[in-house]
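>>> predicted model, plus sequence, below.
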Amino acid sequence: QSALTQPASVSGSPGQSITISCTGTSSDVGRYNYVSWYQQHPGKAPKLMIYEVSNRPSGVSNRFSGSKSDNTASLTISGLQDEDEADYYCSTYTSSSSVVFGGGTKLTVL
Amino acid sequence: QVQLVQSGAEVKKPGASVKVSCKASGYTFTTYGISWVRQAPGQGLEWLGWISASNGVTNYAQNLQGRVTMTTDTSTSTAYMELTSLRSDDTAVYYCARAFSSGWYAYWGQGTLVTVSS
């Protein structure tokens, strides 16, 4: 199972909005509404930000939103804040009952 | 509150085995599965597999088939991940995570660093 494709890095200024893409195939991202997004700060465990494409867990800011079109999912962060600077990973359930992650995107807040 | 507490860091020689534990609390252990995910230094997340805490059914990543074994002990609400024939590229932080059926992880352990070095 190949990793999902994410941009290596994105950046934005405080207050701006950014979008991170996550491209898979018709056997994973395109087949299921089971895309998740995780935020990871250095030295910390990943934190769930979005599950099942667009659902936010309790306690996650509504500045974070998710969507999907065909084989590509997206995470949008609006009103960028300094604490949003982190690595972001997408993942999805696959047709082989496994989970595959994206390669990760480093978000820099300028 | 839900907690997953993992065992401590390990240093192993190539060819050896390692067994990492993950003790769950704050929920009914058999209600959810446990997945294991690793992260090599400076690299991304890699899914290793999943085990049902209710019946022990497993699903392993294809590239680790034959080297990884996941088990649970429901009497102590603990999950285990054993990796054999260790190589230098197995050096990573290993995480356990509580698995929802559609493959997302709301709760993670703190991570266990496994270093493979001669």
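Thanks, I have the structure now.
>>> now do the contacts for the nearest residue to residue B:21 once chain neighbours are set aside.
Nearest residue to residue B:21, sequence neighbours excluded (Cβ to Cβ, 6 or more residues apart in numbering or on different chains): residue B:7, at 4.4 Å. Backbone N, C-alpha and C define where each C-beta goes, glycine included. In this structure, residue B:7 makes contact with B:20-22, B:112, judged by Cβ atoms under 8 Å, 6 or more residues apart in numbering or on different chains.
>>> looking at those, which has the most residues close by?
The most crowded member of the contacts of residue B:7, judged by other Cβ atoms under 10 Å in any protein chain shown, is residue B:22 (26 neighbours).
>>> and the residue in chain A positioned nearest to chain B, how many residues sit next to it?
Nearest residue of chain A to chain B: residue A:93, at 3.6 Å (Cβ to the nearest Cβ). By the other Cβ under 10 Å criterion, the neighbourhood of residue A:93 contains 23 residues.
>>> low-confidence stretches in chain A?
A:1 (pLDDT under 70).
>>> show me the contacts for residue B:107.
Per Cβ under 8 Å, 6+ apart, neighbours of residue B:107: B:2-4, B:97-98.
>>> a markdown table please, covering these and showing neighbour count.
As requested, the contacts of residue B:107 are exported to a markdown table (neighbours: other Cβ atoms under 10 Å in any protein chain shown):
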| residue | neighbour count |
| --- | --- |
| B:2 | 11 |
| B:3 | 13 |
| B:4 | 23 |
| B:97 | 26 |
| B:98 | 25 |
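>>> which single one of those residues is nearest to chain A?
residue B:97 (8.1 Å).
>>> if you skip the residues just before and after it, what's nearest to that closest one?
Leaving out its chain neighbours, residue B:97 is closest to residue B:105 (Cβ to Cβ, 6+ apart), at 3.7 Å.
>>> so in terms of bridging, what pairs with the one you found?
residue B:99 (DSSP bridges).
>>> same deal with residue B:68?
Bridge pairing for residue B:68 - DSSP bridges - gives residue B:83.
>>> kindly report the residues of chain A close to chain B.
When proximity is defined by Cβ under 8 Å from any Cβ of the partner chain, chain A lies next to chain B at A:1, A:3, A:32, A:34, A:36, A:38, A:45-48, A:51-52, A:57, A:89, A:91-93, A:97-104.
>>> now those residues: which count as buried?
Among these, the ones that count as buried by 16 or more other Cβ atoms under 10 Å in any protein chain shown are A:1, A:3, A:32, A:34, A:36, A:38, A:45-48, A:51-52, A:89, A:91-93, A:98-104.
>>> among those, which are in strands?
Those of those mapping onto strands are A:36, A:38, A:47-48, A:89, A:91-93, A:99-101, per DSSP state E.
>>> and the strands in chain B, which stretches?
Here chain B has its strands, by DSSP E, at B:3-6, B:10-12, B:18-25, B:33-39, B:45-52, B:58-60, B:68-73, B:78-83, B:92-99, B:105-108, B:112-116.
>>> taking chain B, what residue is nearest to chain A?
Residue nearest to chain A within chain B: residue B:103 (3.6 Å; Cβ to the nearest Cβ).
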